[in-house]
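Novice: Sequence isn't available, so here's the structure alone:
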Ligand SMILES: O=P(O)(O)OC[C@H]1O[C@@H](O)[C@H](O)[C@@H](O)[C@@H]1O
């Protein structure tokens, strides 16, 4: 795998990495699909797969407003959100299979070792971000956590990534985003950030063609790590091939 043949990629340094959460840090979209299908049916909506996959990456408010409108349901946004959020939180709290994506922690350890700041920017509600950070242990890597609830316009608008960059104190053009959804890649693009599309089959059919580069696992990113233009002056850079943790697992 090669970096994009674009000089900006190679010349302009990357000073921070902003991770999407669902489908990028944890394989949660298949769980949400099931809960959402059950909630849609509870209120009498039966979206087809294309419609359902089109909601990946947007906030629950946006998804439900669209479902209410499209399926002409006579419920308020508050009614459907209260019911659905309760279901999501109960199921996620009791879920025993929530794990970080394979090889993610080696990559996060490497970024921490190189002192590259990271953030998580997710359309999920803040309580769900906190729950997933706690349950998976990934919270130790992420001091900066932004929810779609905290910005005026959710993905595909750029607000969430611009807010994360602001909290990190890094210029948007120096940020790299990792995203698994069409809505998320569009948001990164509109924010003027470089973007790696994470092809996750669990996240449904997603068009990631706006991403600068696509991967299907962190082992591919690991192989590219010394080619990415990180700003590493202040870090104790290790020689290429010197794996930070569990070489055999990569
Ligand atoms: O922005 P992220 O982390 O991909 O989160 C998006 C997801 O947030 C969840 O809360 C929704 O239930 C999903 O439908 C949506 O895809």
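Specialist: Arrived safely. It should be emphasised that the depicted structure is a prediction, and the values quoted were computed from it without experimental measurement.

Novice: where does this protein dip in pLDDT?
Specialist: 5-8, 232-250 (pLDDT under 70).

Novice: Show me the strands in it, by range?
Specialist: 16-19, 118-122, 144-147, 175-179, 194-198, 213-215 (DSSP state E).

Novice: Now do the second one against strand 175-179, angle only.
Specialist: It refers to strand 118-122. 40 degrees (axes from the mean of the first three to the mean of the last three Cα atoms, to 10 degrees).

Novice: just to revisit the earlier point, need the strands of the chain in TSV with distance to residue 38 and mean neighbour count, can you?
Specialist: Where C-beta positions appear, they are placed from N, C-alpha and C, glycine not excepted. Listed next are these as TSV, based on distance: least, Cβ to Cβ, whole Å; neighbours: other Cβ atoms under 10 Å:
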stretch	distance to residue 38	mean neighbour count
strand 16-19	28	25
strand 118-122	22	26
strand 144-147	23	22
strand 175-179	26	27
strand 194-198	26	26
strand 213-215	31	18
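
Novice: Go through those and name the closest to residue 10.
Specialist: Evaluated over the strands of the chain, closeness to residue 10 peaks at strand 194-198, with 10.9 Å, by Cβ to Cβ.

Novice: For the strands of the chain, give me CSV that also has distance to the ligand.
Specialist: As requested, these are exported to CSV (distance: least, Cβ to the nearest ligand atom, whole Å):
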stretch, distance to the ligand
strand 16-19, 9
strand 118-122, 3
strand 144-147, 9
strand 175-179, 8
strand 194-198, 10
strand 213-215, 16
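
Novice: so can I have JSON lines of these showing distance to residue 93?
Specialist: Output for these, formatted as JSON lines (distance: least, Cβ to Cβ, whole Å):
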{"stretch": "strand 16-19", "distance to residue 93": "22"}
{"stretch": "strand 118-122", "distance to residue 93": "17"}
{"stretch": "strand 144-147", "distance to residue 93": "17"}
{"stretch": "strand 175-179", "distance to residue 93": "26"}
{"stretch": "strand 194-198", "distance to residue 93": "25"}
{"stretch": "strand 213-215", "distance to residue 93": "31"}
